[in-house]
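Asks: Task: produce atomic coordinates for the following.
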Amino acid sequence: MAFFPKPKYLLFFLGRQGSSVSFEKKDLSFAAPHSTPVELYLRAHFLNHRIQRIEKNEESVLEIFFGESGERRLRMEFKDRSISFECEIPGKVKPFLSELRLGKLPEEGVLEQSKQQIDLDSRQEKKFKRLLENVRSDHQKAMDISKQLSGICEKLKSEPQQIVVKGFWPQSDQQLLEEFFLRFKFSPWNRSSTKGALDAFFNYLQKQNRKVQLSAKRLLDLEKGGFEKWSRSQKKFSDPKESKDKSKLSPDLRTKKPGLWVEIEENIWARVGKSAKENDELMRQAASNDLWFHARGVEGAHVWLPRGQKGISSKGKVSPHLLDLVAQLAVLNSKYRSSGGGHVDVSEKKDLKKVKGVDGAVRIMRSEVRYVSVDGEFERKIFRK
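Replies: Presented below is the predicted three-dimensional model:
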């Protein structure tokens, strides 16, 4: 027998007469582990007791008696989306009463998926630990080098010419200076390069100190945020399909000015210029492959359909149905509106050229011409918004 509460499901196995009860818990949501009061109570009072007998009193009521004489009784009443529990234990004055709300049964393959996800989380946790160790190691190494460079710097403040004197330095400092000469392409221990080497050395120390600060910040972020925060940030980039389908038109972007954002279908937005100067600004902000719509041969607003929205690929073809809807929007914002239809030019931004000195004017290098008739329901929907 299996119960499925939210956000987990609890597998509660009841064996035959003479066997005992066992539990197995799986976490479908991968949230922090927690237990329901029913689970805790059953584990405490029934887990190690064998079933004496099982009685089905009604269609939806099951009574299970545990112990040698059946002194422990568990009554379960099955309802539409919950199970009521009543437990009687010897020595307890009042029976234990509780209700377990049920969620949907897991779909086929969910158990296997949950096992795979647990394995994935385990691998990710190991990866995070290795990353944390590497960042700590890099930070410590950067601090050690910075400390050693600072010690050399203090000596150079009083005796700057000693930077090219090989015998003046201890072995460890001498090795560090040789690496510095090699990195900045100075002749080792050459007096003619004293001034240039000094300037480069102090700049090198500043860069190393910045490296220490950055590594300290990175280490603090990892230690403070922990595995959970790091894994969430990784999931944003781990699923290319999810990032591809994600609309670039977030609510924040749709407040971007100028222009009017119009939802032509669910979660698909077009942008309409309300003046000649706005039309110029919309063209400046558009991506090179965004689609531009304009009523052919008459005055009207520039209408843009940004690519990258959900259901609109960044480079592929756009469905004719969607093109017709945006073309209707262009007709409704032009002198064609009174005639109920007209021809519309459709181009990508890269096929347009701005006419200098004339607000809102463009030269069309290549376009597709579509004739559309305005649908009355679409018009009412647009102007109702």
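Asks: CA only for contacts and neighbour counts going forward, please
Replies: Fine.
Asks: Low-confidence stretches in the stretch 1-150 of the chain?
Replies: 1-39, 43, 46-49, 93, 101-121 (pLDDT under 70).
Asks: For it, just list every one of the strands.
Replies: Assigned by DSSP state E, counting those that start in this stretch, the strands in the stretch 1-150 of the chain fall at 2-3, 9-13, 22-26, 51-58, 61-66, 72-78, 82-88, 96-101.
Asks: Note down every partner strand of the last one and its orientation.
Replies: Right, the one you point to is strand 96-101. strand 82-88 (antiparallel) (DSSP bridges).
Asks: same check, this time on the fifth one
Replies: The sheet places strand 61-66 alongside strand 51-58 (antiparallel), strand 72-78 (antiparallel), with pairing taken from DSSP bridges.
Asks: Looking at those, which one is packed in the most?
Replies: strand 72-78 (a mean of 19; mean count of other CA atoms under 10 Å).
Asks: Turn the strands of the stretch 1-150 of the chain into CSV, including distance to residue 345.
Replies: As requested, the strands of the stretch 1-150 of the chain are arranged in CSV below (distance: least, CA to CA, whole Å):
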stretch, distance to residue 345
strand 2-3, 60
strand 9-13, 57
strand 22-26, 57
strand 51-58, 72
strand 61-66, 70
strand 72-78, 64
strand 82-88, 60
strand 96-101, 58
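Asks: Give me the buried positions along stretch 339-346.
Replies: 340-346 (16 or more other CA atoms under 10 Å).
Asks: of all the strands of the stretch 1-150 of the chain, which lies closest to residue 202?
Replies: strand 22-26 (58.6 Å; CA to CA).
Asks: Among the buried residues of stretch 339-346, name the ones in strands.
Replies: Per DSSP state E, strands hold the following members of these: 341-346.
Asks: nearest to residue 383, of those?
Replies: Nearest to residue 383 among these, with distances taken as CA to CA, is residue 341, at 16.4 Å.
Asks: Report the separation between that closest one and residue 305.
Replies: 19 Å (CA to CA, to the nearest Å).
Asks: before we move on, what about residue 83?
Replies: Counting by CA to CA - residue 83 and residue 305 are separated by 52 Å.
Asks: which helices and strands sit right next to the helix or strand harbouring residue 225?
Replies: Element membership for residue 225, per DSSP states H and E: helix 194-238. When contacts are defined as 3 or more CA pairs under 8 Å, 6 or more residues apart in numbering; DSSP states H and E, helix 194-238 sits against helix 110-158.
Asks: Can you check what angle separates the helix it packs on from helix 194-238?
Replies: 170 degrees (axes from the mean of the first three to the mean of the last three CA atoms, to 10 degrees).
Asks: Just the buried positions in the very next helix or strand once past helix 110-158, please.
Replies: Moving toward the C-terminus from helix 110-158, the next helix or strand (DSSP H and E) is helix 171-183. Of all the residues in helix 171-183, those buried under the rule 16+ other CA under 10 Å are 173-174, 177-178, 180-181.
Asks: circling back: list just the nearest of the buried residues of stretch 339-346 to residue 290.
Replies: Looking across these and measuring by CA to CA, the closest to residue 290 is residue 346, at 10.4 Å.
Asks: For beta bridges, what are the partners of the closest one?
Replies: residue 293, residue 368.
Asks: Please apply the same query to residue 372.
Replies: Residues in beta-bridge contact with residue 372 (DSSP bridges): residue 342.
Asks: Isn't residue 153 up against residue 203?
Replies: No - contact status for residue 153 versus residue 203: not in contact, 11.1 Å apart, counting by CA atoms under 8 Å.
Asks: circling back to that earlier point, make a markdown table out of the buried residues of stretch 339-346 and add distance to residue 126 and pLDDT.
Replies: Output for the buried residues of stretch 339-346, formatted as a markdown table (distance: CA to CA, whole Å; pLDDT from 0 to 100):
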| residue | distance to residue 126 | pLDDT |
| --- | --- | --- |
| 340 | 64 | 84 |
| 341 | 62 | 90 |
| 342 | 62 | 92 |
| 343 | 61 | 93 |
| 344 | 57 | 94 |
| 345 | 56 | 95 |
| 346 | 52 | 94 |
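Asks: part of a strand, is residue 360?
Replies: No - looking at residue 360 with DSSP: H, G, I helix; E, B strand; the rest coil, it is coil, so not inside a strand.
Asks: Can you check the pLDDT for it?
Replies: Looking at residue 360, its pLDDT is 85.
Asks: who touches the nearest residue to it once chain neighbours are set aside in this structure?
Replies: Once flanking residues are discounted, residue 360 sits nearest to residue 276: 4.2 Å by CA to CA, 6 or more residues apart in numbering. Residue 276 sits next to 301, 359-361 when contact means CA atoms under 8 Å, 6 or more residues apart in numbering.
Asks: All set now, cheers.
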